[in-house]
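S.K.: just to be clear, the model below is a prediction. Sequence and coordinates:
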Amino acid sequence: MLDVFDRCRLHDDVQPVTEMGAYPYYHPAEERLADGRVRVHGRVLVSVGSNDYLGLSADPRLKDAACRAVRSLGTGTSGSRMANGSLTLHETLEGRLATFLGQESAMVTPTGFLANLVLSALVGPRDTVLADQLIHASLIDAVRLARARLRRYRHNDLDRLEHLLRECDPAGGALILTEGMFSTTGTLCDLPGTAALARRHGVRLILDGAHDIGLIGPGGRGAAEHYGLGSAVDLHTLAFSKCFGTTGGAVAGPEQIILYLRHQARSMVYSAALSPASTAAALAALDIIEHEPERRHRALAAAARLRADLTGLGYETGDSPTTIIPVHVGDLVLCCRLWRELFDEGVFTTAMVPPAVPDGQALIRVSTTALHTDPQLDQVAAAFAAAGRRLGLIP
Ligand code: PMP
């Protein structure tokens, strides 16, 4: 018999990159400062490597709300929502989220990943899921779990989407799965075109709003609000790990569908509910999202400023209109070396290498938050200038 443990080897590139001191993952933060900086290996760094776009994860209002919830409700829920883990606080958050998104109902989950896995309850082996090539791993896993047919189209390629829609088996169901704002490119979904195709072909449209809800749109309601197309989205999924500054997720949509998912989604029925602290923090974050639009304006303005500086230095940064700036490097090892050089310059970034991005398209993902000051952004640009010149990436 084969020993399955024998197959558990790391990717060939890990060892050389580690020997160079350029392994970019699992570096633990020793402290996260209120101004958004992080202490890693004893050094305080400017972080452009988080998804904390609104700068709420260390906000005193979220911390206070979380502490109050722990005092009255404890540290854990000790059971699934269905069995014994439900809190009135969950229901309050669900009601607020549904109203915020203009949906009938919502259901919270312990993480954003699990909110997406819930979608596996909607499709089965005879159904086809049409999905943008860049969707998150959790959405792909939901389709795999359901054993539905996954057909992917190039990022925002509506001609290809239409072609795939025409090829769908009329005997089965079909739905379109995409994201409001894509996490590696920072681009928005072409929602007007996608929604028109969904309507024309009579298929449901599901939008993962992990990155855009809280950040994009006049009221922070995401890409759907930005395009004035809230009612075109049949179901929304959310992650509290980005704009909401905590952990958790949610699915929002028609009451009957949410009720069905509460009973059919295995990750909902068989996994312990969102913690009191995270539930309360997400509620406090929603208050701030509703009342402090200046936070999203600042985060987006910071990105525009930094993007202009990085492009001016000679980096290729794509065409993201959001807080995510992909700095394209290409080669995996070179990307990790740039990550390390930036760390040495006092800047914490995220290296994105295959399989998170296609082969040969490694990049440094830079993201701005509402807390970044102009001097911090200048420090980031100066670090990219020095590190990029040392590695011969820019003139
Ligand atoms: N959806 C998208 C688009 C994401 O980028 C992520 C995480 N980065 C998730 C879902 C999962 O969210 P969480 O980390 O809260 O589980």
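M.R.: Happy to help now that I have it.

S.K.: count the residues that sit near Q361.
M.R.: Number of residues near Q361 (other C-beta atoms under 10 Å) recorded here: 18. C-beta here means a position set from N, CA and C on the backbone, and glycine is covered the same way.

S.K.: who's in contact with it?
M.R.: With contact set as C-beta atoms under 8 Å, 6 or more residues apart in numbering, Q361 has these partners: 328, 330, 354.

S.K.: so which of those residues wins on neighbours?
M.R.: Counting by other C-beta under 10 Å, top hit in the contacts of Q361: H328 with 15 neighbours.

S.K.: just the contacts of Q361: which has the poorest pLDDT?
M.R.: Ranked by pLDDT, those bottom out at P354 (91).

S.K.: what's the closest non-adjacent residue to the closest residue to the ligand within the chain?
M.R.: Per C-beta to the nearest ligand atom, G112 is where the chain lies closest to the ligand, at 2.5 Å. Closest residue in space to G112, ignoring its immediate chain neighbours: A239 at 2.4 Å, by C-beta to C-beta, 6 or more residues apart in numbering.

S.K.: repeat that for R166.
M.R.: The shortest distance from R166 to any non-neighbouring residue, by C-beta to C-beta, 6+ apart, is to H201 (8.0 Å).

S.K.: got a list of what that neighbour touches?
M.R.: So H201 contacts 165-166, 168, 174 (C-beta under 8 Å, 6+ apart).

S.K.: among those, which are within reach of the ligand?
M.R.: Taking C-beta under 6 Å from any ligand atom as the test, the ligand is in contact with none of the contacts of H201.

S.K.: which among those residues end up buried?
M.R.: Buried by 16 or more other C-beta atoms under 10 Å: 165, 168, 174, out of those.

S.K.: with these in mind, which one is nearest to G312?
M.R.: When the buried ones among the contacts of H201 are ranked by distance to G312 (C-beta to C-beta), L165 comes first, at 41.6 Å.

S.K.: that closest one and A198: what is the separation?
M.R.: 9 Å (C-beta to C-beta, to the nearest Å).

S.K.: please flag which of the buried ones among the contacts of H201 sit within helices.
M.R.: L165 (DSSP state H).

S.K.: mark out where each domain of the chain begins and ends.
M.R.: According to automatic domain parsing, the chain comprises the domains 10-47+293-390, 60-291.

S.K.: partner residues bridging the residue nearest to E179 when sequence neighbours are not counted?
M.R.: Excluding the flanking residues, the one nearest E179 by C-beta to C-beta, 6+ apart is D208, at 4.4 Å. Note on D208: beta-bridge partners by DSSP bridges are E179, T237.

S.K.: can you read off the pLDDT for the residue lying closest to L191 once chain neighbours are set aside?
M.R.: Nearest residue to L191, sequence neighbours excluded (C-beta to C-beta, 6+ apart): Y227, at 4.7 Å. Looking at Y227, its pLDDT stands at 98.

S.K.: verify the stated contact: Y227 with P192.
M.R.: Yes. Counting by C-beta atoms under 8 Å, Y227 touches P192, with 5.6 Å between them.

S.K.: looking at these two, which one has more neighbours?
M.R.: Y227 (20 against 13).

S.K.: would you list the phi and psi of that one?
M.R.: phi -90, psi 0 (degrees, to the nearest 10).

S.K.: swap in L188?
M.R.: Dihedral angles (degrees, to the nearest 10) for L188: phi -90, psi 150.

S.K.: so where's the stretch 251-395 of the chain shaky on pLDDT?
M.R.: Of all residues in the stretch 251-395 of the chain, none has pLDDT under 70.

S.K.: from A131, how far out is E341?
M.R.: Distance from E341 to A131, counting by C-beta to C-beta: 36 Å.

S.K.: T88: neighbouring residues, count only.
M.R.: Neighbour count of T88, defined by other C-beta under 10 Å: 8.

S.K.: tell me the SS of A250?
M.R.: Assigned with DSSP: H, G, I helix; E, B strand; the rest coil, A250 falls in the strand class.

S.K.: right, I mislabeled it, should have said L274
M.R.: Per three-state DSSP, L274 ends up coil.

S.K.: would you confirm that it contacts G112?
M.R.: No. Between L274 and G112 there is no contact under C-beta under 8 Å: 11.1 Å.
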